[in-house]
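Peer 1: I would like to see how this sequence folds:
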Amino acid sequence: MIESRREQVESREWETLALKEMLRFYEEYETFAEEGVSKPRDIGAPVFLHHPDAHTGILLIHGFMAAPEEVREWAECLYEKGYTVYAPRLAGHGTSPADLAGRTCDEWMDSVDRGHAILKGCCPHIVVAGFSTGAGLALAQALFKPEAFQAVISVSAPLKFKSPSVAGAEALNDWNRLCRTLGLSWFTKEFVTNHADNPHINYLKSPIAGLVQVKALMNRVWKKLPALSAPALIVQGKGDPKVSDKSGQKIFTRICHDNKTYREIPFHLHGIVRGPIALELFDEVNQFLDNLETP
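Peer 2: Model (predicted):
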């Protein structure tokens, strides 16, 4: 009887972990939210759609300066297909740009790791997926924890940006740090304007330090990419004004194994995970998932 009760407690540990993640977000929102800058709290909250009959969970990662709300439509589509879905909130997101400015890509990876721990408790198989910077994190997860995921889905990973301000982010970040060290903070430029696809979700100013972290993440992924062993779906927005159209093809080509699929979705905005255009993406994802072999 005691052993049975212990097994029941352990089998529901994922619920406790999910609650802790929600409380972590509430605490950080109270600490970092800025009036007139931060979005409503529900925008940044992790999304957890638990399907009791699901054998596969989808770890679904939002993009830079966004929040779990960005991938909610995608999460709901996957849930309707019978999957359990968890969309973690990346550190520094859903709170304020100032909070994000002090975060690192390692902290984002930690956020995803905690999401993985939640899904692992309730699903025997897990697919990791993400959009934009979330796609870079999904690839990083599949690279650094190859036994943990059945497959990886990367949508518009920012291997190369189009904006000149991003190209000079490292130099500007170094300049900002030097000025702060010398007590000349009025000479710094810590943020640039973000022309957001979803202004009700995205931050409207982008921290230079955060852009440096995105580029560091993608450099890390690029170096390791030939070692990717998981089946992969690589999707690229064709005509993306923020990420180079060549990014997806370069990622696809650098993956050495043959169990990979490449798709392009023509659209004039970066965001292809919300609205009518997202239906085309969801169809591609569903076909890929349907063709996966169950371990």
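Peer 1: wait, what's in contact with S156?
Peer 2: F131, S132, A135, V235, Q236, G237, D240, V243, S247, G248, H270, I272 (CB atoms under 8 Å, 6 or more residues apart in numbering). C-beta coordinates here come from the backbone N, C-alpha and C atoms, glycine included.
Peer 1: again, only this time at 7 Å
Peer 2: Shown in contact with S156 (CB atoms under 7 Å, 6 or more residues apart in numbering): F131, S132, A135, V235, Q236, G237, D240, V243, H270, I272.
Peer 1: A helix includes D113, no?
Peer 2: Yes: counting by DSSP: H, G, I helix; E, B strand; the rest coil, D113 is located in a helix.
Peer 1: before we move on, back to that, ok, the contacts of S156 vs D53, which is closest?
Peer 2: Using CB to CB, F131 comes nearest to D53 of the contacts of S156, at 26.4 Å.
Peer 1: and the gap between that closest one and V243?
Peer 2: According to CB to CB, to the nearest Å, F131 and V243 sit 11 Å apart.
Peer 1: ok so, going back, select only the buried ones of the contacts of S156 in PyMOL?
Peer 2: Buried residues among the contacts of S156 (16 or more other CB atoms under 10 Å), as a PyMOL selection:
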select buried, resi 131+132+135+235+236+237+240+243+270+272
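Peer 1: closest to G102 among the contacts of S156?
Peer 2: For the contacts of S156, the minimum distance to G102 (CB to CB) is 20.6 Å, reached by S132.
Peer 1: work out for me the element the nearest residue to that closest one once chain neighbours are set aside sits within.
Peer 2: Leaving aside its chain neighbours, S132 sits nearest to G63 (3.3 Å; criterion: CB to CB, 6 or more residues apart in numbering). Following DSSP states H and E, one finds G63 outside all helices and strands.
Peer 1: could we number from 160 for the rest of this?
Peer 2: Got it, first residue is 160 now, which makes that one G222.
Peer 1: G222 against A297, yeah?
Peer 2: No: using CB atoms under 7 Å, G222 is not in contact with A297; the gap is 11.0 Å.
Peer 1: quick one: which of these two has more around it?
Peer 2: Counted by other CB atoms under 10 Å, G222 and A297 do not tie: G222 has more neighbours, with 31 against 28.
Peer 1: residue contacts, that one?
Peer 2: Neighbour list for G222: E229, F290, S291, T292, G293 [criterion: CB under 7 Å, 6+ apart].
Peer 1: gap between it and S255?
Peer 2: Where S255 is concerned, G222 sits at a distance of 17 Å (CB to CB).
Peer 1: nearest residue to D258 other than its sequence neighbours?
Peer 2: In this structure, D258 finds its nearest non-sequential neighbour in F191, 3.8 Å apart by CB to CB, 6+ apart.
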